[in-house]
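Visitor: I'll drop the sequence and a predicted model, then ask my questions.
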Amino acid sequence: MKVPVATSAEMKEAEKFPLNISDFTNLIEVANDDNMDKNNNVKRTDEYMSMPWFGIDIGGTLTKLVYFEPKDITPDEKNTEANSLRKIRKFLTKNSSYGNTGLRDTHLQMDDVDIRNRKGSLHFIRFPTSEMSSFLSLAKSKGMADLVTAVCATGGGAYKFEKDFMHELNMKLAKFDELDTLIKGVLFSELRHTTECYYFNNARDIRNSQKMAYDFSRPYPFILVNVGSGVSLLAVYGPNNYKRISGTSLGGGTFLGLCCLLTGCTSYEEAIELATKGDHTKVDKLVKDIYGGDYARFGLPGDLVASSYGQMHNKDKQGKVSREDLANATLVTITNNIGSIARMCALNEKIDKVCSLTSLNLMYKSTNF
Ligand SMILES: Nc1ncnc2c1ncn2[C@@H]1O[C@H](COP(=O)(O)OP(=O)(O)O)[C@@H](O)[C@H]1O
Ligand SMILES: CC(C)(COP(=O)(O)O)[C@@H](O)C(=O)NCCC(=O)O
């Protein structure tokens, strides 16, 4: 595969951009009949849109719904607002679970957010994409179809489920590209100085390392690694200037799928719980298992994984590993592989900043409305 490389002119251009609020004036896009083309791709941003404001990111595994709760409602507005609108606001903000599988991540809530001259809170709700039909039924029963005619949507499911939204809710999906919204989401949360961006110092000795805030105020250029069900790697040169340089199918979905197969676990939470307790060195073959120590000539320490799951061909060893060890090895395999690809991409692009975004920590990538 040919990997595009940044020209020196592109690199120079990228260095010029500091992170700047004016880049984000187009962050909150509006979905209505006038600003969508015949395929419901959004053409332009409008000035006004009635409540409620939603955005939805329909991924391969999880659907993420973001809801803006206005906190500056005037008494006049309160008197005139539709009863169904008030009911929906209450339903979403007073509960933290919806139906059988919908959950609100209260720890991710963003307060005092200014959007289109309104002040309010952003609420983040998620459910498995496999439960889309239950979501549509719930949304219908709550009267969503009466209030919203179009909702901004991203992720592959914005295409896949477009007809279902129309059929069940009479609702159009105004589609935004998932990688465009991904970058906007990252820059939006960084502008709020929420230190969402962090790194570990002394990462080689992870048990003794500390989580440190990363100063992302001059971000460009950077490599963005989006770990969803699969993985996309982007080289980002400016707020509206990026290219997708690589990808791998070994992503979050692989971790979860392999863990379920190998350990019999049935949820992501269980998989992660197992992984945090296990020891991958019982599953993997390390450099020292092969060399008896370091492979010094090429700088490979003895503790480095030489071969993921490399001990598991041996029946005796298979009998000695726990579910926890297998889950840990799966996490290490997937994350090491993503790390290697990210490093190769960074070297190819001559970019020294790599930012990884992952629902493995449940971060939300789309903040479009
Ligand atoms: N509650 C959860 N349920 C399922 N997967 C989860 C959960 N929390 C985190 N994950 C991880 O996040 C991945 C999905 O990440 P995400 O960015 O939402 O991808 P997508 O947009 O493709 O759905 C899963 O494959 C899994 O590894
Ligand atoms: C197709 C996708 C962009 C979909 O995004 P996701 O729902 O996984 O976040 C992503 O899964 C991906 O980039 N997969 C890797 C494809 C490749 O081998 O390049």
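Guide: Happy to help now that I have it. Numbers count the residues shown, from 1 in each chain. Ligands and ions are numbered 1, 2, ... in the order given.
Visitor: mind checking pLDDT for Pro20?
Guide: Small correction: residue 20 is Asn, not Pro. According to the model's per-residue confidence, Asn20 sits at a pLDDT of 33.
Visitor: please enumerate the helices of the stretch 251-369 of the chain.
Guide: Using DSSP state H, counting those that start in this stretch, the helices found in the stretch 251-369 of the chain span residues 252-263, 268-277, 287-291, 315-320, 323-349.
Visitor: could you dump those helices into JSON lines with mean pLDDT, distance to ligand 2 and mean neighbour count added?
Guide: Every residue, glycine included, has its C-beta placed from N, CA and C. As requested, those are exported to JSON lines (pLDDT from 0 to 100; distance: least, Cβ to the nearest ligand atom, whole Å; neighbours: other Cβ atoms under 10 Å):
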{"stretch": "helix 252-263", "mean pLDDT": "98", "distance to ligand 2": "7", "mean neighbour count": "20"}
{"stretch": "helix 268-277", "mean pLDDT": "95", "distance to ligand 2": "14", "mean neighbour count": "16"}
{"stretch": "helix 287-291", "mean pLDDT": "98", "distance to ligand 2": "28", "mean neighbour count": "16"}
{"stretch": "helix 315-320", "mean pLDDT": "97", "distance to ligand 2": "30", "mean neighbour count": "10"}
{"stretch": "helix 323-349", "mean pLDDT": "96", "distance to ligand 2": "10", "mean neighbour count": "19"}
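Visitor: residues making contact with the one helix or strand Phe127 maps to?
Guide: Assigned by DSSP states H and E, Phe127 belongs to strand 118-128. Contact partners of strand 118-128, identified using Cβ atoms under 8 Å, 6 or more residues apart in numbering, comprise 61-72, 92-93, 98-99, 101-105, 108-113, 134-135, 362, 364, 367.
Visitor: elements contacting the next helix or strand after it?
Guide: Remark: after strand 118-128, the chain's next helix or strand is helix 132-141, criterion DSSP H and E. In this structure, helix 132-141 makes packing contacts with helix 162-169, judged by 3 or more Cβ pairs under 8 Å, 6 or more residues apart in numbering; DSSP states H and E.
Visitor: tilt between the strand holding Phe127 and helix 132-141?
Guide: 140 degrees (axes from the mean of the first three to the mean of the last three Cα atoms, to 10 degrees).
Visitor: given strand 118-128, what are its sheet partners and their directions?
Guide: Neighbouring strands of strand 118-128 in its sheet, by DSSP bridges, are strand 62-70 (antiparallel), strand 102-104 (antiparallel), strand 110-115 (antiparallel).
Visitor: what residues does the stretch 1-150 of the chain put near ligand 1?
Guide: For the stretch 1-150 of the chain, the residues found near ligand 1 under the criterion Cβ under 6 Å from any ligand atom are 59-62.
Visitor: would you turn those into CSV with pLDDT, neighbour count and secondary structure?
Guide: Converted to CSV, those look like this (pLDDT from 0 to 100; neighbours: other Cβ atoms under 10 Å; DSSP: H, G, I helix; E, B strand; the rest coil):
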residue, pLDDT, neighbour count, secondary structure
Gly59, 96, 24, coil
Gly60, 96, 16, coil
Thr61, 96, 18, coil
Leu62, 96, 21, strand
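Visitor: max pairwise distance over the residues you listed: which two?
Guide: The most widely separated members of these, counting by Cβ to Cβ, are Gly60 and Leu62 (8.2 Å).
Visitor: who are the neighbours in contact with the residue in the stretch 101-250 of the chain that ligand 1 sits nearest to?
Guide: Residue of the stretch 101-250 of the chain nearest ligand 1, by Cβ to the nearest ligand atom: Gly228 (2.9 Å). Gly228 makes contact with 59-61, 251-253, 358-359, according to Cβ under 8 Å, 6+ apart.
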